[in-house]
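In: one predicted model, sequence on top.
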Amino acid sequence: MPRWVEIGLIPLANVILALLVAGLIVLAIGENPLAAVRVMIVGALGDSEGIGYTLYYATNFIFTGLAVAVAFHAGLFNIGGEGQATFGGLGVGLVLLAGDRHLPFAALLPLALLAATGFGAAWALVPAWLQAYRGSHIVITTIMFNFLAAALMVYLMVNVLIAPGSMSPESREVGAAAHLPQMHEVLAPLGVKLTATPLNLSLVLAAALCVFVWLLVWHTPLGFELRTAGHSATAALYAGVRPRRIVIISMCLSGAIAGCVGLNEIMGVHHRLLLNFTAGYGFTGIAVALMGRNHPVGIVLASLLFGIVTQGGTELAFAMPRITRDMIVVIQGLVILFSGALPELNRPWFGWLFAALSRRAPALRRA
């Protein structure tokens, strides 16, 4: 089959099938599926506020999707994006809490970016080392490190970083110099008026990382080594590639990209350290990467889809009370199921269709 079918048509068919099943569930609870779809689309894309929230969610999905994709090209299944994003956010928070009263924004931004990527890479380094030098499976260790990161954050927020006198486990709010500008503030001087939303300059960083990953994986010697090791560690070894080195580098890159979620959430939105700011983005990133075929273009499209479902689902829960927030999670789960767990479900049908068209084409040319 043509490549555009592999990376475009089949994933689209999987999404449509997931939405059809979700529509049957909506119909079963007594609501109109077509009306529900309309509410979701309008809520996510109908005005500048909906678009802002959709792109804000999509930004985090791009970060975690790219993180999974980089490791996947090296033959590694990084399940630890949630923990790496949490640790990246911890790094951002520590930098901002320490420097917001002493440093200007121009100094805080690169330091926060360095902390986000550095802490995320550091949290991925130990599972990478265990995989490379001790044979521990990367899936098991990264899952364990998700729980370790969550437990560490609880301890720090309750016992160390909590704001004095606060009853909620969160730090003090950082000063205005440590706030990442929001897109409506950036575009206002240019004459573009947008509703205030959490969308901030992290979107630009996400776009830059898409270009970076594309160049790295497909246009550099390191990317060639990474893909070679992912296809066959034995063949890579014979070609002079050191698989252990690739495991360490790819996982650290993956963790660094996942850590950028902390920049978006802590510096761009919450302006303080708090628990559970990752909100499951690390796990959804796995489905985003699988649905996007581990290519930056596909990951962007998949991230936009999940952003639409997330923002549109929130509007849907308000407009149709019978469709609760749990139902939105079910719809997201169906998209993940058909796009991630069952990505090959529709392949035989498309294979049969293109085989039939291939057999018919010579006959049509002869006629």
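Out: Structure's in. What do you need?
In: now stretch 205-217: how far from the chain's centre is it?
Out: How far stretch 205-217 lies from its chain's middle: 14 Å, per Cα atoms, centre = their mean, to the nearest Å.
In: which other residues reach stretch 17-26?
Out: Stretch 17-26 has contacts (Cβ atoms under 8 Å, 6 or more residues apart in numbering) with 32-33, 36-37, 323, 327, 330-331, 334-335, 337-339, 345-346. From N, CA and C alone the C-beta is placed, and that goes for glycine too.
In: what secondary structure does the closest residue to residue 346 other than its chain neighbours sit in?
Out: Excluding its sequence neighbours, the residue lying closest to residue 346 (Cβ to Cβ, 6 or more residues apart in numbering) is residue 13, at 4.5 Å. Under DSSP: H, G, I helix; E, B strand; the rest coil, residue 13 falls in the helix class.
In: among the contacts of stretch 17-26, which one sits closest to residue 257?
Out: In terms of Cβ to Cβ, no member of those lies closer to residue 257 than residue 339, at 20.8 Å.
In: how much space between that closest one and residue 5?
Out: According to Cβ to Cβ, to the nearest Å, residue 339 and residue 5 sit 15 Å apart.
In: could you do residue 325 as well?
Out: 36 Å.
In: who's more crowded, the two?
Out: Between residue 325 and residue 5, residue 5 has the larger neighbour count (other Cβ atoms under 10 Å), namely 17 against 11.
In: need the pLDDT of that one.
Out: pLDDT for residue 5: 70.
In: the one 4 residues further on too?
Out: You'll see residue 9 listed with a pLDDT of 76.
In: secondary structure class of the nearest residue to it once chain neighbours are set aside, three-state.
Out: Computed as Cβ to Cβ, 6+ apart, the closest residue to residue 9 that is not its neighbour in sequence is residue 350, at 6.7 Å. Three-state call for residue 350 (three-state DSSP): helix.
In: surely residue 350 is in contact with residue 4?
Out: No: under the contact definition of Cβ atoms under 8 Å, residue 350 does not touch residue 4, with a separation of 11.3 Å.
In: who has more neighbours, these two?
Out: Counted by other Cβ under 10 Å, residue 350 and residue 4 do not tie: residue 350 has more neighbours, with 16 against 9.
In: how close does that one sit to residue 357?
Out: 10 Å.
In: domains of this structure?
Out: Split into domains by automatic domain parsing, the chain comes to 1-30+325-357, 32-319.
In: and these, which one is worst for confidence?
Out: What stands lowest among the domains of the chain, in mean pLDDT terms, is domain 1-30+325-357, with a mean of 78.
In: now that one, how far from the chain's geometric center?
Out: With Cα atoms, centre = their mean, you get 20 Å for domain 1-30+325-357.
In: equivalent analysis for stretch 225-244, please.
Out: For stretch 225-244, the distance to the chain centre is 27 Å (Cα atoms, centre = their mean).
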